[in-house]
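Visitor: structure here, sequence nowhere to be found:
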């Protein structure tokens with residue numbers, strides 16, 4: 001019986017360390033050449049499989065694959081494309097199986113968040129019913145840190161570090177000018193339903209009273225009057241106020257404070273900007289001068305300030321996914337397990353995809369301060385280890401030198417193109 005080939009794809013919003021997981025997958029697959037044949041990667045994520053646009057990873061140099069460990073973004077291309085349910089469009093899943101069968105692919109490694117976990121599970125289930133078994137392993141990735149059953153998600157630690165450092169530096173700027181200039185600074189960060197990234201802003205605090213003075217979480221209903229009173233009281237006391245706001249801040253009725261009225265490719269509400277919404281509110285009600293910033297792609301692309309812990313964990317789950325696959329495991333996700341005790345340590349375990357798909361992990365109430373504007377010591381104890389260590393990329397001419405892959409496509413074997 002011939003060896004089966006492997007297919008790897010990146011899904012959804014990328015991170016500073018998703019390529020470290022890719023590096024882990026590819027290097028582990030090369031070590032296991034007695035069980036895994038060729039390694040292919042999807043050009044632009046799952047679309048690469050649907051369109052039969054498969055990158056021959058074997059044509060990439062070993063040193064370029066190793067360089068993925070310190071390269072941000074999705075080296076093979078990612079996409080926001082959610083496969084419909086089996087009932088709605090069985091043809092999409094049938095197409096995946098057809099492409100996998102045509103290229104002798106028996107291992108499917110899908111690197112993404114909750115939606116990709118669902119896709120990975122469905123592919124595993126459908127492949128059995130169609131008589132072409134595929135071992136589907138989901139590799140966790142999301143800056144939002146909202147996947148269940150893993151202590152944290154690769155990609156989050158680096159965003160948390162970026163947000164904490166940016167909050168600290170911006171706060172120092174505002175504090176130095178507040179006597180005659182800006183009184184309020186607002187940093188808007190990612191986090192649609194879970195406030196993990198916003199919470200990381202609190203790591204900028206070295207002592208009580210330090211910025212950020214207010215953190216707004218999706219888990220805490222927004223109270224306009226309490227918020228404005230807190231802003232004014234902080235400015236009166238300190239001369240300035242620094243706010244870190246999650247993009248998913250919600251009103252008491254559950255609507256988003258900054259709902260743009262549209263949805264993205266995954267069916268999620270598009271958010272129109274919490275920071276300018278809050279800034280307008282502060283200016284019109286309190287008359288305070290403000291500045292706001294949108295971290296946006298900068299927070300998830302900032303490999304130059306990545307957390308070494310995050311890089312190590314991203315690589316480890318990629319490598320573990322291959323080890324689990326060659327051991328015969330299926331429909332699972334490697335998960336980060338935090339050891340008990342005051343000294344931080346971790347290992348890689350495994351959880352069933354049936355318990356991961358379409359499940360979100362929110363900030364526990366015990367991590368949020370009683371007034372709803374900050375985090376507790378328990379929250380700090382959870383977050384702090386995740387931003388530890390520096391893992392700088394190599395520099396040339398003053399800027400990071402990142403990997404650039406050839407991305408040679410293999411020859412198509414199916415007659416018809418798939419329109420996706």
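Guide: Everything's here; your move. Quick caveat, the model's predicted, so the values are computed rather than measured.
Visitor: which residues of the stretch 301-420 of the chain fall in strands?
Guide: Counting by DSSP state E, counting those that start in this stretch, residue ranges of the strands within the stretch 301-420 of the chain are 332-338, 346-352, 395-396, 399-400.
Visitor: most packed of the ones you listed?
Guide: Mean neighbour counts were compared across these using mean count of other CB atoms under 10 Å; the top stretch is strand 332-338, at a mean of 22. For the C-beta atoms, the positions are set from N, CA and C on the backbone; glycine is no exception.
Visitor: got a list of contacts for that strand?
Guide: Contact with strand 332-338 is made by 117, 137-140, 147, 149-154, 313, 316-317, 320-321, 324, 344-353, 356, as judged by CB atoms under 8 Å, 6 or more residues apart in numbering.
Visitor: cutoff 6 Å now
Guide: The contact list for strand 332-338 (CB atoms under 6 Å, 6 or more residues apart in numbering) reads 138, 140, 149-152, 313, 317, 320-321, 346-353, 356.
Visitor: need the strands of the stretch 301-420 of the chain in CSV with distance to residue 133, can you?
Guide: Below are the strands of the stretch 301-420 of the chain laid out as CSV (distance: least, CB to CB, whole Å):
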stretch, distance to residue 133
strand 332-338, 15
strand 346-352, 17
strand 395-396, 46
strand 399-400, 42
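Visitor: in TSV: these, plus mean pLDDT.
Guide: Converted to TSV, the strands of the stretch 301-420 of the chain look like this (pLDDT from 0 to 100):
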stretch	mean pLDDT
strand 332-338	98
strand 346-352	98
strand 395-396	97
strand 399-400	97
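Visitor: of those strands, which approaches residue 370 most closely?
Guide: strand 332-338 (25.1 Å; CB to CB).
Visitor: just want the angle from the closest one to strand 346-352.
Guide: Orientation of strand 332-338 against strand 346-352 (axes from the mean of the first three to the mean of the last three CA atoms, to 10 degrees) gives an angle of 140 degrees.
Visitor: tell me where the model's unsure across this protein.
Guide: Across the chain, residues meeting the criterion (pLDDT under 70) sit at 1, 86, 260-272, 419-420.
Visitor: how about the helices of it, start to end?
Guide: Listed in chain order, the helices found in the chain under DSSP state H are 18-31, 46-50, 62-67, 90-102, 114-129, 156-177, 196-200, 224-238, 274-286, 296-301, 308-326, 377-383.
Visitor: packing partners of the third one?
Guide: Here helix 62-67 touches no other helix or strand, going by 3 or more CB pairs under 6 Å, 6 or more residues apart in numbering; DSSP states H and E.
Visitor: how is the chain divided into domains?
Guide: As recorded under automatic domain parsing, the domains making up the chain are 4-142+305-358+389-400, 156-303+372-387.
Visitor: could these go into TSV alongside distance to residue 406?
Guide: Formatted as TSV, these follow (distance: least, CB to CB, whole Å):
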stretch	distance to residue 406
domain 4-142+305-358+389-400	6
domain 156-303+372-387	21
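Visitor: and residue 364, which of those domains is closest to it?
Guide: Distances from residue 364 to each of the domains of the chain were compared by CB to CB, and the smallest falls on domain 156-303+372-387, at 8.0 Å.
Visitor: now the end-to-end length of that closest one.
Guide: Counting by CA to CA, to the nearest Å, you get 9 Å between the two ends of domain 156-303+372-387.
Visitor: so who does residue 322 touch?
Guide: If a contact means CB under 6 Å, 6+ apart, then residue 322 has 25, 28-29 as its contacts.
Visitor: and with 7 Å instead?
Guide: Residue 322 sits next to 25, 28-29, 32 when contact means CB atoms under 7 Å, 6 or more residues apart in numbering.
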